[in-house]
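> 3D model of this:
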Amino acid sequence: MLPSAVSDSRVHNILPNKIDTDFQFSRASAATRVNHQGLIEEVGYFGPELVQNGDFSELGPELVTNGDFATDSNWANSTINGYSINNGKLNLDNVAYAQTVVQANVTTVNKIFKVVFTISNYVKGSVRIFLGGGATPTVNANGTYTFYEEATVNTAIGVQALSGGGTTLSIDNVSIKQVDPDDDWTLGTGWSYGDGVAISTTAQTNLTCNSATLEIGKTYKFEVDAAAISSGSFGFLLRFNTTNTNIGTINADGSYSFVATADATSFRLQTLSGGSTSFSVDNISVVEIQGDRPRLNYDPTNPTCPHLLLEPQSTNLIKFSNDYTQSEWNKINGATVDANVAISPDGTLNASRLNFDTVSGSRIEDQIPGAASGDYSFAVYLKADEPKTVGIRTGFAGTPTVNVNVTTEWQRFSITQNNPTNPANGYAQIRSIDASGGSVYVWGAQIEQLSYSTSLIPTAGSTETRVAETCNSAGNVNTFNNAEGVIYAEIAALVATAPLSQYITISDRTYDNRASILFSNGATNQIRCFLRVGGVSQVDVSDNVTDVTAFNKIAFSYKANDFKVYINGSLVSSDTSGSVWPAGTIDTLSFSEINTNTGRLNARVKSLATYKRALTDTELYTITSTQYSAYSGMVAALGNYTIPC
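Prediction:
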């Protein structure tokens, strides 16, 4: 495998026409990578949008005739009881209580309508738009008004005065349009429409989507914006329509994303019981996660040869990774933020300028409430118009400010600090280290509960999770020689001390028969190789390297009574006693312990290969030698075949 060819859910083998040896890749979420231009981009593969009118903006045609009162027509009773039409307005002159000008056959019973009208020349009284049994609130001042109302009894509309002392004013530009004309949504009790939103005021009722048809067993991404949530223990559940599977709970304003496998063909939003129930939802989206492309990540210093990026699941705890004008980011001691003033590392104009005041401790910070004890890593992209030193920290008790030197080029700064208590509030902080003022550009802030920082997980109003990646199932029984062979990898760990053991393995998909190159749990800058036959260890060696997070070339050669490990051109371990597997045993290569989700490799992978024979010492030196910067150079030196990088 040379990570230069990928497609949906596959990492391709370097040999042509060998699909059965491709790696099967899966990640049920989008993720980011650095592309060959050095720009950060999102990598996700999703189906088309399934929800129609997810922003609740669709309106039917205008239903009112002569709503601008250009002529004296279409309105019954418009010339009696103090009403008159002239100068493009319906004028009320001391109209008595409940007197109404009517237009018939306008609405449809049990549908909701957007009602807009303008009041001018106000003198006294109040007026409302009557709507087939429903009505707008009364108004008693000049202005343009918008209301959403249901026609509950009949299809007529009317302008109705509602003051016992008489009403004097003018009204014009009356507009009535049906909301959600295609019936994409069904509103349960207590649900209504607002200006581009659906609003709930009652617990345990449903907003049902009629437009999205799901397929049982397929995986979908659900997105929704929640706003105007009142105080109290409010939340709602996204549920599949028949089996009530809980997709996710929301109890605070923000943008949310959930991933779930469908066990029914439709879905709904359902309010929770108890507490306050006042809130609105918008921008509801459902797309099928059809697969995802593996991430070929590029080093900006070497933009020609990518590596496969494999990372664990992680969550960005910062709700606004790129928008520092939000109130989530506190501006302290005179710090201010100017949004969208610089080209960010993703190539668009969405980076902010952080301006420090000339006082000590000028800073911005985003609080992370109730953090569990343990390591947290904070990363952020910074640059400046001229070099400047600033401080960053996670803000837990006792964690110091770490000074970083910001240059005129974008650079990602990362620190890991420990929270000793549980729970405790922490925060992401960017601060001036003196009272000199000045400014820096900022983008892509991220806090993760990990001992190292992973690739950027963008957020826009809520925490976001990037799901772990799997890359397994390469090969078959014909791919491997059980009597002898070599596993070769050029890999770089994501962290010097592995939090869990992480494997590259050939196996029969059992623990009993396998050979692995791995980073062992708790070991620092160490690479381990072992081989087991029938559950019995034949060889198990561990070797230290200078830096396991740098790319290291490893070759593990196996043959009966002849085992060798070469790293970076040197023989580091050997064993002259041990057996190998019977023919036809090994059938798969995986970035995990035994082709499962356990022991998944978290690393950067520049190349991976297996050989059907035990290579000579000269060959093992050649394939691991650091004189070759690319796998293509190595295989050319062996005389096997040439592969463009």
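> Make sure residue 405 is actually in contact with residue 386.
No - using C-beta atoms under 8 Å, residue 405 makes no contact with residue 386, being 11.9 Å away. No exception for glycine: its C-beta is placed from N, CA and C like everyone else's.
> the more surrounded of the two?
Between residue 405 and residue 386, counted using other C-beta atoms under 10 Å, the more crowded position is residue 405 (12 against 9).
> Give the other helices and strands that the host helix or strand of the more buried one contacts.
Assigned by DSSP states H and E, residue 405 belongs to strand 402-406. When contacts are defined as 3 or more C-beta pairs under 8 Å, 6 or more residues apart in numbering; DSSP states H and E, strand 402-406 packs onto strand 374-383, strand 388-393.
> Residue 155 - how many residues pack around it?
Neighbours around residue 155, by other C-beta under 10 Å: 17.
> Equivalent analysis for the one 4 residues further on, please.
Here the count is done by other C-beta under 10 Å, and residue 159 has 23 residues near it.
> Also the one 10 residues further on?
Here the number of neighbours of residue 169 (other C-beta under 10 Å) works out to 24.
> Does it belong to a helix, a strand or coil?
Following DSSP: H, G, I helix; E, B strand; the rest coil, residue 169 is assigned to strand.
> which non-adjacent residue is nearest it?
In space, and not counting its chain neighbours, residue 169 is closest to residue 122: 4.5 Å by C-beta to C-beta, 6 or more residues apart in numbering.
> Would you tell me what helix or strand that neighbour is located in?
Going by DSSP H and E, residue 122 is in strand 112-124.
> And the strands in the stretch 151-300 of the chain, which stretches?
Per DSSP state E, counting those that start in this stretch, the stretch 151-300 of the chain carries strands over the ranges 157-161, 167-178, 185-187, 191-193, 198-200, 206-209, 219-227, 236-240, 246-250, 254-261, 267-271, 279-291, 295-299.
> nearest to residue 430, of the ones you listed?
Judged by C-beta to C-beta, the one of the strands of the stretch 151-300 of the chain that comes nearest to residue 430 is strand 254-261, at 21.8 Å.
> quick one: buried residues of the closest one?
Neighbour counts using 16 or more other C-beta atoms under 10 Å place 254, 255, 256, 257, 258, 260 of strand 254-261 among the buried residues.
> how distant is the strand holding residue 405 from the center of its chain?
Centre-to-centre, strand 402-406 and its host chain are 28 Å apart (C-alpha atoms, centre = their mean, to the nearest Å).
> what's the model's confidence in it, averaged?
Strand 402-406 shows a mean pLDDT of 96.
> Okay, now the unreliable bits of this structure?
Low-confidence segments of the chain, defined by pLDDT under 70: 1-21, 45, 230-238, 240-243, 273-276, 291, 303, 628-645.
> which residue is nearest the middle of it?
Among the residues of the chain, the one closest to the centroid is residue 464, at 4.9 Å (C-alpha atoms, centre = their mean).
> Give me the distance between that residue and residue 452.
Look at residue 464 and residue 452: by C-beta to C-beta, to the nearest Å, they are 18 Å apart.
> ditto for residue 248
To residue 452, residue 248 is 28 Å away according to C-beta to C-beta.
> Between these two, which has more neighbouring residues?
Taking other C-beta under 10 Å, residue 248 and residue 452 do not tie; residue 452 has more neighbours (19 against 16).
> and that one, what is it in contact with?
Residue 452 sits next to 377, 414, 416, 494, 495 when contact means C-beta atoms under 8 Å, 6 or more residues apart in numbering.
> ok, the residue nearest to the centre of the chain touching residue 447?
No - contact criterion C-beta under 8 Å: residue 464 and residue 447 do not qualify, at 11.9 Å.
> which residues are common contacts for these two?
By C-beta under 8 Å, 6+ apart, residue 464 and residue 447 have these common neighbours: residue 316.
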